[in-house]
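> turn this into a structure:
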Amino acid sequence: MPFNSLVGILQTLELGFIQELEVFDWFQALSEQSLFATQLGRIYNVRSLKLAYYHWAFPPRGRQSSSCFLSQLSKLGHLQKLHLSYSYISGSLHHLLRCLQVPLHTLEIRSCTLLDTDITYLSQSLHATCLRKLDLSGINLSYMVPGPLETLLAKVSGTLQHLDLNHCQLKDAHLSAILPALCRCSRLSSLGLSNNLVSRAGLLSLPERTAGLAELKRVLYPIPIECCVYLHGVSWGPVNKGRLCQMQAEMQKLLQAMQRADMQWSPPLPSPLPMRLMQLDWGRGRARGTATPTRGSRRADAGAQNAGTPEALDPEVGVAGGRPGSKSRSGNPCGAAGERRAKVLSLGRSEKLQERAFFGRVS
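Residues are numbered from 1 along each chain as shown. As a prediction, this is how the structure comes out:
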């Protein structure tokens, strides 16, 4: 949808009612500076902000649109959850976090590029001692161990309840290094470690070493390297089901012996296709490698994530995007009065999904 129409929709909505904002075509949205210079600050009650696909850059060599956005972000005094995905953030995380007025409860940075200095800043920020959920999946953290990652886990240990470190290139030695800090997270209830290059022996040592975490109930562990082929750090079939079942049985025996049958340890389903550095070129009917998703694949993935979302705005969900010119039953592009007060607003939604593209995370 043209962004002049998008601005018109935002001007029509009662943005004070929006509690969740999702922007998928973020690389395009930020190029329209008037959208944020005049509208973002009006979404002052937003609790959750999801942004995807953008190369963050700040002055003196960066983009004016990024700085414009930060000035508006500082006005969001109720923001509790920040989700960033498929974006280039290297060395810029401090710009985003330091302008927030209140500490975040949830921080998800998935499949982005980060430097060790970004993790160091996060551990020193006011957010670290307040985080309840931290998701760093899809980020290569192997070179941050030992060092910044353990420091961060130590800082969040007093409040953290959910931790996801899936697809992070971690091996046995890395897990052993972070376990002391991880075991200090006394409130941790769920842990995600899938698609890391861990051996059977390394996995079977984890239950005993985490048994002291009384609140830990759910663990998603990786398929051990003896049971599956890994391609670019992602598990890819075929899986040796016999070996995997044997290891799962041993895991259950360990949990019962430790009187921790309340803990649910389970592996993920293997990916049907290698997800990293792979894009399906439907136009030519062949697959080709790429390090960065194309704009088309970004749009397709954004649409895939929101398949089944209503096209028209309703009292709970507002979708600005989708089929151009679509109207609600009332004939108004923004719907009836109740639709003006949507609690969830999704911007930059792609048109009717015509294709599905798989692509790897930016690294």
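
> so which bits of stretch 91-111 are buried?
91-97, 100, 103-111 (16 or more other C-beta atoms under 10 Å). Backbone N, C-alpha and C define where each C-beta goes, glycine included.

> how long is that stretch end to end?
One end of stretch 91-111 sits 15 Å from the other (C-alpha to C-alpha, to the nearest Å).

> so that it lines up with my notes, have the first residue be 615 from now on.
Happy to do that; since the first residue is 615 now, the last one works out to stretch 705-725.

> in strands only, show me the buried residues of stretch 705-725.
720-724 (DSSP state E).

> where does pLDDT dip in this protein?
615-623, 639-653, 668-680, 851, 883-956, 960-977 (pLDDT under 70).

> pull the longest helix from it.
helix 855-871 (DSSP state H).

> packing partners of that helix?
Counting contacts by 3 or more C-beta pairs under 8 Å, 6 or more residues apart in numbering; DSSP states H and E, helix 855-871 packs against helix 814-818, helix 820-824, strand 878-880.

> show me what the shortest one is packed against.
Strand 878-880 sits against strand 832-834, helix 855-871, with contacts defined as 3+ C-beta pairs under 8 Å, 6+ apart.

> just give me the neighbour total for Thr734.
Residue crowding around Thr734 was assessed by other C-beta atoms under 10 Å; the count is 18.

> do the same with the one 3 residues further on
The local packing count at Ser737 equals 19, with neighbours defined by other C-beta under 10 Å.

> SS state for it?
Using DSSP: H, G, I helix; E, B strand; the rest coil, the structure places Ser737 in helix.

> dump the residue contacts of it.
762, 765-766, 768-769 (C-beta atoms under 8 Å, 6 or more residues apart in numbering).

> hang on, the earlier thing: so which of the helices and strands packed on strand 878-880 is the most surrounded?
The highest mean neighbour count among the helices and strands packed on strand 878-880, using mean count of other C-beta atoms under 10 Å, belongs to strand 832-834: a mean of 17.

> what's stretch 761-768 in contact with?
730, 733-734, 736-737, 742, 755, 774, 777, 791-792, 794-796, 798-799.

> narrow those residues to those in strands?
Of the contacts of stretch 761-768, the ones assigned to strands by DSSP E are Leu777.

> which among the contacts of stretch 761-768 count as buried?
Neighbour counting with 16+ other C-beta under 10 Å marks 733-734, 736-737, 742, 755, 774, 777, 791-792, 795-796, 798-799 as buried within the contacts of stretch 761-768.

> which one of the residues you listed is nearest Pro881?
For the buried ones among the contacts of stretch 761-768, the residue nearest Pro881 by C-beta to C-beta is Leu777; the value is 17.4 Å.

> just give me the neighbour total for Cys797.
Cys797 has 17 nearby residues by other C-beta under 10 Å.

> any idea which element Leu665 lies in?
Element membership of Leu665, judged by DSSP states H and E, is strand 662-666.

> next, the angle strand 720-724 makes with that strand.
10 degrees (axes from the mean of the first three to the mean of the last three C-alpha atoms, to 10 degrees).

> could I get the CA-only coordinates of strand 662-666 as PDB?
Provided in PDB are the C-alpha atoms of strand 662-666 (Å, rounded to 0.1, in the frame of the first residue of the first chain):
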ATOM      1  CA  SER A 662       4.800  -4.000  22.500                       C
ATOM      2  CA  LEU A 663       6.800  -2.900  19.400                       C
ATOM      3  CA  LYS A 664       7.900  -5.300  16.700                       C
ATOM      4  CA  LEU A 665      10.300  -4.200  13.900                       C
ATOM      5  CA  ALA A 666      11.800  -6.200  11.100                       C
END
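
> what's whatever helix or strand comes next after that strand packed up against?
Using DSSP H and E, the next helix or strand after strand 662-666 towards the C-terminus is helix 678-687. Helices and strands touching helix 678-687, by 3+ C-beta pairs under 8 Å, 6+ apart, are helix 647-652, helix 707-711.

> got the angle for helix 678-687 vs strand 662-666?
Orientation of helix 678-687 against strand 662-666 (the same axes, to 10 degrees) gives an angle of 170 degrees.

> I'd like the next helix or strand past helix 678-687.
As assigned by DSSP H and E, the chain's next helix or strand after helix 678-687 is strand 695-699.

> send me that following strand as PDB with only the CA atoms.
Written as PDB, here are the backbone C-alpha positions of strand 695-699 (Å, rounded to 0.1, in the frame of the first residue of the first chain):
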ATOM      1  CA  LYS A 695       8.400  -5.400  24.900                       C
ATOM      2  CA  LEU A 696      10.800  -4.700  22.000                       C
ATOM      3  CA  HIS A 697      11.200  -7.200  19.200                       C
ATOM      4  CA  LEU A 698      13.800  -6.800  16.500                       C
ATOM      5  CA  SER A 699      14.400  -9.300  13.700                       C
END
